[in-house]
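**Q** Here is a sequence with its predicted model. Questions after.
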Amino acid sequence: QVQLVESGGGLVQAGGSLRLSCAASGRTFTSYRMGWFRQAPGKEREFVGGISRSGDAANYADSVKGRFTISRDNAKNTVYLQMNALKPEDTAVYYCAAGYSSIWSYWGQGTQVTVSS
């Protein structure tokens with residue numbers, strides 16, 4: 001069982017930056033691939049990016065590639081989402097998830113990110 005708690009969301013102007021954090025409980029953090037998802041009002045939840053268990057490989061949705069960076073600190077059981085050059089269309093609730101390959105078994109409660117124009 002893994003519990004995930006996101007933090008770092010907020011209101012930012014377009015072009016600004018935010019860093020989200022996701023703290024995981026338990027001693028099996030390194031067993032899981034970690035991912036970030038987002039859901040905007042009236043839209044389905046979408047994949048933002050994922051990072052391997054060791055942190056040496058990450059992949060991103062085309063919509064955020066080059067602007068967002070995922071990293072993890074396995075010593076702190078934490079995964080991060082650095083978001084730069086934010087756009088109003090990045091406004092959403094952001095969720096972190098833990099799982100194996102593309103099967104996401106555990107989810108956080110989400111943190112709101114609002115980008116004003």
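**A** Noted; the coordinates are in hand.
**Q** Now the longest strand that the chain contains: buried residues?
**A** The strand that spans the most residues within the chain, counting by DSSP state E, is strand 92-100. Buried residues in strand 92-100, defined by neighbour count with 16 or more other Cβ atoms under 10 Å: 92-99. All C-beta atoms are positioned from the backbone trio N, CA, C, and that covers glycine.
**Q** Show me the residue sitting in the middle of this protein in space.
**A** The centroid of the chain falls nearest to Trp36 when counting by Cα atoms, centre = their mean (3.0 Å).
**Q** doesn't Leu20 make contact with it?
**A** Yes. The pair Trp36 and Leu20 qualifies as a contact (Cβ atoms under 8 Å) at a distance of 7.3 Å.
**Q** Check the contact lists of the two and give me the overlap.
**A** Jointly contacting Trp36 and Leu20 under the rule Cβ atoms under 8 Å, 6 or more residues apart in numbering are 81, 94, 96.
**Q** which residue packs closest to the residue nearest to the centre of the chain, ignoring adjacent ones?
**A** Val48 (4.2 Å; Cβ to Cβ, 6 or more residues apart in numbering).
**Q** ok, that neighbour - contacts?
**A** Contact partners of Val48, counting by Cβ under 8 Å, 6+ apart, are 35-38, 60-61, 64, 68, 81, 94.
**Q** From Gly99, how far out is Ser21?
**A** 19 Å (Cβ to Cβ, to the nearest Å).
**Q** Actually, Ser54.
**A** In terms of Cβ to Cβ, Ser54 sits 15 Å off from Gly99.
**Q** go on, Lys87?
**A** Counting by Cβ to Cβ, the gap from Lys87 to Gly99 is 28 Å.
**Q** where exactly do the helices run in this structure?
**A** Read by DSSP state H, the chain holds no helices at all.
**Q** okay, and for it, where does confidence drop off?
**A** For the chain, no stretch is flagged by pLDDT under 70.
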